[in-house]
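Enquirer: quick one, what's the 3D model for this:
(one chain, ligands or ions: 1)
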Amino acid sequence: MLKILIAVISIGLSLNAADPWINIILYHRVLVKTEAAYDVSVEDFENQMEYLKASYDIISLSDALDYITRAKELKNNSVVITFDDGDVSIYNNAFPILKKYRFPFSVFIYTNIVKEGPHAMKWNHMKQMLAYGAEIGSHSVSHGYLHKRLKEESEEQYLARLRHELVDSKNLLEAEFGLPVRYFAYPYGRYNETVKEEANKAGYEAILTVRGYENFPGDDPMRLNRRVVQRSTTPESFIKTFTVQQRKSLNDGDKDF
Ligand SMILES: [Zn+2]
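Expert: Model prediction:
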């Protein structure tokens, strides 16, 4: 009986293997010599971009949203390249390679980083990326955990903190660049229903998580899946990211953090 039930459920919600999907990949730092687990070496990054150039359509996050909301029809498996936090190695090491391949990309900045010193990008770096055609989204003000109310916080204080992180970061970036900031990436990929609701109210059009699945047309743009690429990513596992479908049904990936 259980087997039949499982079979019925999976027929109802299964994805056609031929349906094209969008992979959103995430980098943090691109360093000549990696220091932390979430770093990628310049050499690996270059090889990864070379592979993508030969194999997939590299699209902007805005284009991806047109496909996900079905404003446009997705014909080929496509890839969106994103960076979180705002480390200066994105500007120094990744940006020249992205320019060489003429790839669009998005950077999610937590706005306090610009005050943090030499490891952080400055506004001027980001403006050069915008002039090239990159998109910049918010990654909060302070990069704190948004999904948990702190012990000393009242519900009201928690809401005020969420609004500060979601709204003030957006306002600051918009004032600095004179452009609308349409996208948000959750710090650590962590959120709950309240965070999601407040992000909606703040006017974001898309939100990125770190649930490592593909995105299909019809998915919720306020909860996009994204795969982290890091030091431990081998050439084989990188290729597998794009060639082996992880999501077997539309319900896969529903688990929230
Ligand atoms: Zn981050």
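Enquirer: what's the burial count for residue 22?
Expert: Residue 22 has 26 neighbouring residues, counting by other Cβ atoms under 10 Å. From N, CA and C alone the C-beta is placed, and that goes for glycine too.
Enquirer: how much space between it and residue 114?
Expert: Here residue 22 is placed at a distance of 30 Å from residue 114 (Cβ to Cβ, to the nearest Å).
Enquirer: element containing whatever residue of the stretch 1-150 of the chain ends up closest to the ion?
Expert: Closest contact between the stretch 1-150 of the chain and the ion, by Cβ to the ion, is at residue 84 (4.0 Å). Taking DSSP states H and E as the criterion, residue 84 maps to strand 78-85.
Enquirer: quick check: next helix or strand after that strand?
Expert: helix 88-89.
Enquirer: so which bits of the helix or strand just after that following helix are buried?
Expert: The C-terminal neighbour of helix 88-89 among helices and strands, as given by DSSP H and E, is helix 95-100. Across helix 95-100, burial judged by 16 or more other Cβ atoms under 10 Å covers 95, 97, 98.
Enquirer: check stretch 140-152 too.
Expert: 140, 141, 142, 143, 144, 146, 147, 149.
Enquirer: closest one of those to residue 186?
Expert: Nearest to residue 186, judged by Cβ to Cβ, of the buried residues of stretch 140-152 is residue 146 at 6.5 Å.
Enquirer: give the contact list for that closest one.
Expert: Counting by Cβ atoms under 8 Å, 6 or more residues apart in numbering, residue 146 touches 140, 162, 165, 186, 187, 190, 191, 192, 195.
Enquirer: and it, its phi and psi?
Expert: Backbone torsions for residue 146, taken as degrees, to the nearest 10, come to phi -100, psi -20.
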